[in-house]
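In: here is a sequence together with a model predicted from it:
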Amino acid sequence: MRPALRFAMFLCLLLALDGALLFDGLSRRMAEYATLARLEVVTRGLGLTDLAVATEARYTRHPAVSDPVVPFMDHPGAIEHFPTGAFWLPPSR
């Protein structure tokens, strides 16, 4: 196989991968827009400035504005102080 043909096949593979990633990003963006629209309806209906889920702890108030390290300010083996801490799952990575 000629090196130019290998390079062309590699470029085609990269273009296909780029197209798949573009499609995935667009579909995720549309899902996010739908979620934001529903949250906007809820916050407007309840008369809130932002969707506040709970008022107990800093990290359970709103996931968008809380610090990611706040739940770990206690030592790692600490018992959960607030019942609403069970609402949030660990982030999927």
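Out: Noted; the coordinates are in hand. Residues are numbered from 1 along each chain as shown.
In: domain boundaries for the chain, per the record?
Out: As given by automatic domain parsing, the domain ranges for the chain are 1-40, 52-93.
In: rank these by pLDDT, which is bottom?
Out: Among these, domain 52-93 carries the lowest mean pLDDT, at a mean of 61.
In: measure S27 to L39 for me?
Out: Applying CB to CB, to the nearest Å, the value for S27 to L39 is 19 Å. Yep, even glycine has a C-beta here, placed from its N, CA and C like the rest.
In: ok, the two, which is more surrounded?
Out: Remark: of S27 and L39, L39 carries more neighbours, 13 against 10, as counted by other CB atoms under 10 Å.
In: quick check: which element contains that one?
Out: helix 3-46 (DSSP states H and E).
In: check L48 too.
Out: Applying DSSP H and E, one finds L48 in no helix or strand.
In: how about S92?
Out: Counting by DSSP H and E, S92 is part of no helix or strand.
In: that concludes my questions; thank you for your assistance.
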